[in-house]
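S.K.: Just the structure for this:
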Amino acid sequence: PGRHVWAFMKPAGKTVIALTACCIAQFVLTVNGSIVSIVLPDIAREFGSSMTLLQWTVGVYVLAFACLLTVAGNMADRLGRRRILIAGLAVILVGSLVCALSPDVAVLIAGRVVQAVGAAMLASSGLAAVSAESTVTAVRVRAIAWWAAIGGVALAAGPFIGGVLSEYFGWRGVFWMSVPVALIGLILVPVSVKESRNPSPQPFDAVGQILLSGFLAALAFAMIEGTQLGWTSAPILIALGAAAVLLTVGLLRARRRPDPLIPLRLFADRPFVRASLTSIIGFAAAAGFFYVAPQYLRSIRGESALEAGIFLLPLAIAALASAQLSGRIVAAGRAGQDLVAGGVVMALGSVMLLLWSDGSLWVVAAAFIIFGFGYGLLNDPLSVEELASLPDSEAGLASSLFSTSKQTGQLFGIAAVGTILSAASPDFAPAYRDAGGWGWAALVVCGVAVSALNVPSLGSRAK
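M.R.: As a prediction, this is how the structure comes out:
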């Protein structure tokens, strides 16, 4: 494996620059998912927003992202991964400008949707472009590992970056950050990333896309607005009923079609199903954590945005360290052990927060680092298990399905933890004092579930 990795890294020209360009795209699309959480109190003060509206500021990005990934993957396979990668960088740049200049929360949320459109294009084309840089399996696995590690660290580092930027540029600075990063990507991608596409792309299933998007949107609306409108209110019952109908129709339709939006044959593969469920649950825990932790530090502990960001920096470093360790474990064919360990460590950090979040900040810091270390163990084995063994012709689809499972998990995590808190109070501080323990308990359950899902894979070695 070492020789293969050197073969990938040796050409200091286009290959390395191409990987760098794709990792930049991965960084900007992922960091936008968590960077906003650190400045939610500042946005709330300026616009007078409730906790539910703040949930939409974070959740609408993840929702739109998840809804558009499959269509973006199909576009990447048809039109070319490099072309969609360039377009995605341009769109996310425009969305960031809209957010940075927004005069009210409605425009801010609209800008977040535009950002998500670009992010979906980057996610579906970036990993496929990385995979296309080499036909050597070991090289592809290592390249995918780098791409996944950048994403994992970006999600963990988002609050720190946001804290530093908001200290010097205000909360709008977290959106200005994406502008120069996207511009760098727009310079590097055209000159380094080679074009690739599926010679026989799947026909686009427009009806399937509508059904999937409608299902996710209806479910997200019900979860986020349930406590505000009442779980037995007409809008919530209609949304839940619509979600159930859309899911049922989508599954029945996919069974009859030879070319559905999401091929159901993939779900006959146990490792793929296990990895997908692990992605949903693991990233639900991560998103729930990164939604609550920065607000906890600012509203409960009284830290400034910069202080909270610095406090979260060791977590990001721990995630980076464990991601590197994870790469070695996966290379040794022990992806299952890595995932079990990741779930256990995330659960341990969450238990510490459940029991002692009101105690010493040193204990809280230790719990954050432990959680971050466990989270860092997840990206590598999940991306390799779901993607590395799939054929090049389905790289765009595979990339979008993997990202869809991650984004769906993040959406559920934000909605679930936000619902737990908003059920107690519309404002974060009193909500956390009354129900914060239940939020940490939900993360414990997620960590245990991640481990339990992957216990059956302990006896096998990844190929």
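
S.K.: Would you mind listing where the stretch 51-200 of the chain has pLDDT under the threshold?
M.R.: The stretch 51-200 of the chain contains residues with pLDDT under 70 at 127-128, 130-145, 148, 198-200.

S.K.: Wait, Asp42 touches Phe169, no?
M.R.: No: Asp42 lies out of contact with Phe169 (C-beta atoms under 8 Å); the separation is 11.4 Å. Every residue, glycine included, has its C-beta placed from N, CA and C.

S.K.: what residues are shared contacts of those two?
M.R.: With contacts taken as C-beta atoms under 8 Å, 6 or more residues apart in numbering, not a single residue reaches both Asp42 and Phe169.

S.K.: List the buried residues of the helix or strand hosting Ala129.
M.R.: In this assignment (DSSP states H and E), Ala129 forms part of helix 105-132. Under the neighbour-count criterion of 16 or more other C-beta atoms under 10 Å, helix 105-132 has 105, 108-132 buried.

S.K.: Same question for stretch 425-441.
M.R.: 425, 428, 431-432, 435-437, 439-441.

S.K.: next one: stretch 345-362
M.R.: Buried residues in stretch 345-362 (16+ other C-beta under 10 Å): 345-354, 357.

S.K.: Inside helices: which ones of those?
M.R.: Counting by DSSP state H, the part of those found in helices is 345-354.

S.K.: list the contacts for the closest residue to Ile43 other than its chain neighbours?
M.R.: In space, and not counting its chain neighbours, Ile43 is closest to Trp171: 5.7 Å by C-beta to C-beta, 6 or more residues apart in numbering. Neighbour list for Trp171: 39, 42-43, 46, 305 [criterion: C-beta under 8 Å, 6+ apart].

S.K.: Any chance of JSON lines for the residues you listed, columns pLDDT?
M.R.: As requested, the contacts of Trp171 are exported to JSON lines (pLDDT from 0 to 100):
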{"residue": "Val39", "pLDDT": "89"}
{"residue": "Asp42", "pLDDT": "89"}
{"residue": "Ile43", "pLDDT": "90"}
{"residue": "Glu46", "pLDDT": "90"}
{"residue": "Ala305", "pLDDT": "87"}
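
S.K.: pLDDT weak spots in the stretch 301-450 of the chain?
M.R.: For the stretch 301-450 of the chain, residues meeting the criterion pLDDT under 70 lie at 380, 383-400.

S.K.: Please enumerate the helices of the stretch 301-450 of the chain.
M.R.: 305-331, 335-356, 361-376, 379-383, 395-422, 428-454 (DSSP state H, counting those that start in this stretch).

S.K.: Any chance of the ones you listed in TSV with distance to Leu101 as columns?
M.R.: Converted to TSV, these look like this (distance: least, C-beta to C-beta, whole Å):
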stretch	distance to Leu101
helix 305-331	20
helix 335-356	37
helix 361-376	33
helix 379-383	33
helix 395-422	25
helix 428-454	26
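
S.K.: just those helices: most buried one?
M.R.: Highest mean neighbour count among these (mean count of other C-beta atoms under 10 Å): helix 379-383, with a mean of 29.

S.K.: which ones are touching the closest residue in space to Thr20 that isn't next to it in sequence?
M.R.: In this structure, Thr20 finds its nearest non-sequential neighbour in Leu188, 6.6 Å apart by C-beta to C-beta, 6+ apart. The contact partners of Leu188, taken as C-beta under 8 Å, 6+ apart, are 17, 20-21, 24.

S.K.: go on, Ser37?
M.R.: 58, 158-159, 162, 290-291, 293-295.

S.K.: For stretch 341-355, give me every contacting residue.
M.R.: With contact meaning C-beta under 8 Å, 6+ apart, stretch 341-355 is reached by 282, 285, 289, 322, 326, 363-364, 366-378, 437, 440-441, 443-444, 446-454.

S.K.: my guess is Phe373 contacts Leu320, does it?
M.R.: No: counting by C-beta under 8 Å, Phe373 stays clear of Leu320, with 9.8 Å between them.

S.K.: where does Val16 land on pLDDT?
M.R.: Residue-level confidence at Val16 comes out at 74, pLDDT.

S.K.: That one: helix or strand, and which one exactly?
M.R.: According to DSSP H and E, Val16 maps onto helix 14-34.

S.K.: what do you get for Ser49?
M.R.: For Ser49, there is no helix or strand it lies in under DSSP H and E.

S.K.: So the spatially closest residue to it that is not a sequence neighbour versus Ser357, what's the distance?
M.R.: Counting by C-beta to C-beta, 6+ apart, Ser49 lies nearest to Val105, which is 5.3 Å off, once chain neighbours are set aside. Remark: distance between Val105 and Ser357 (C-beta to C-beta, to the nearest Å) = 29 Å.

S.K.: what do you get for Pro180?
M.R.: 36 Å.

S.K.: go on, Gly409?
M.R.: Gly409 sits 23 Å away from Ser357, going by C-beta to C-beta.

S.K.: Report the distance from stretch 151-169 to the chain centre.
M.R.: Taking C-alpha atoms, centre = their mean, to the nearest Å, one finds the center of stretch 151-169 at 15 Å from the center of the full chain.

S.K.: The stretch 51-200 of the chain: helices as residue ranges?
M.R.: Using DSSP H, counting those that start in this stretch, helices in the stretch 51-200 of the chain cover 51-79, 81-100, 105-132, 137-169, 173-176, 178-192.

S.K.: Among those helices, which comes closest to Glu225?
M.R.: Closest to Glu225 of these, according to C-beta to C-beta: helix 51-79, at 6.7 Å.
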